[in-house]
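> structure, please.
(2 chains)
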Amino acid sequence: QKEVEQNSGPLSVPEGAIASLNCTYSDRGSQSFFWYRQYSGKSPELIMFIYSNGDKEDGRFTAQLNKASQYVSLLIRDSQPSDSATYLCAVNMVTGGGNKLTFGTGTQLKVEL
Amino acid sequence: GAVVSQHPSRVICKSGTSVKIECRSLDFQATTMFWYRQFPKQSLMLMATSNEGSKATYEQGVEKDKFLINHASLTLSTLTVTSAHPEDSSFYICSARKQGKNYGYTFGSGTRLTVV
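Alright, predicted model coming up:
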């Protein structure tokens, strides 16, 4: 089982719709969870992070965390063509060597006009 | 803010030569920095954790003698790819995290390495 799993997509949504991106993780001890957006050929940029169960909203983005189900999601409201990118879920795991950020393979999102 | 600067953005080198990549935290001190590698259409894979003033911690399968990491100050970590080969061609990205619960991991802009 992969440590962090995402559906690779592509996920296609029409402009203005809600895009829902999902991620599951294997380490029950994980404490913090991150969503990054990566455009082709560029490095990841942080969208938001979440520590506690429930929802966290920031503008058009809402992160949802359910530790019991080991599930974290990202909702993008009023999707725009500029949101088309690969979205990476990352989980901060504490190992013997310290903190380690482990990434999923990413979900490609396409927002269509 | 929490800005991480990485240089160079692109480098082409001949097989057998060495390449150094720099990663700087511009507005904060980072006792720990991380080096990732990303092959086309794949996710980021952690190569090593760079610790200021001590040896780096390498992930399983990463050759420490090939990928030399130096973290000589609280704002600078370098990755040197020694005796580079075409299979080392990849996108190398560094990351650091500013202390405090309001900050996530920030990434440098990445270095596209092409070994010919």
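> stretch A:22-37: which residues count as buried?
Neighbour-count burial for stretch A:22-37, counted by 16 or more other C-beta atoms under 10 Å in any protein chain shown, picks out A:22-25, A:27, A:30, A:32-37. Any C-beta I mention is one placed from the backbone N, CA and C, and that applies to glycine too.
> now render these as a markdown table, adding pLDDT.
As requested, the buried residues of stretch A:22-37 are exported to a markdown table (pLDDT from 0 to 100):
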| residue | pLDDT |
| --- | --- |
| A:Asn22 | 97 |
| A:Cys23 | 97 |
| A:Thr24 | 96 |
| A:Tyr25 | 95 |
| A:Asp27 | 90 |
| A:Ser30 | 90 |
| A:Ser32 | 92 |
| A:Phe33 | 95 |
| A:Phe34 | 95 |
| A:Trp35 | 97 |
| A:Tyr36 | 96 |
| A:Arg37 | 97 |
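> how about the contacts made by the nearest residue to A:Asp58 once chain neighbours are set aside?
Take A:Asp58 and drop its neighbours on the chain: the residue closest to it by C-beta to C-beta, 6 or more residues apart in numbering or on different chains is A:Met48, 5.0 Å away. Counting by C-beta atoms under 8 Å, 6 or more residues apart in numbering or on different chains, A:Met48 touches A:34-35, A:56, A:58, A:61, A:63, A:74, B:104.
> taking those one by one, which sit in strands?
A:34-35, A:56, A:58, A:61, A:63, A:74 (DSSP state E).
> burial measure for the residue in chain A positioned nearest to chain B, as a count.
Distance from chain B to each residue of chain A (C-beta to the nearest C-beta) is smallest for A:Ser43, at 4.0 Å. Each residue near A:Ser43 was counted by other C-beta atoms under 10 Å in any protein chain shown, and the total is 24.
> quick one: pLDDT of the residue nearest to it when sequence neighbours are not counted?
The shortest distance from A:Ser43 to any residue other than its chain neighbours is 4.0 Å, reached at B:Gly110 (C-beta to C-beta, 6+ apart). pLDDT recorded at B:Gly110 is 97.
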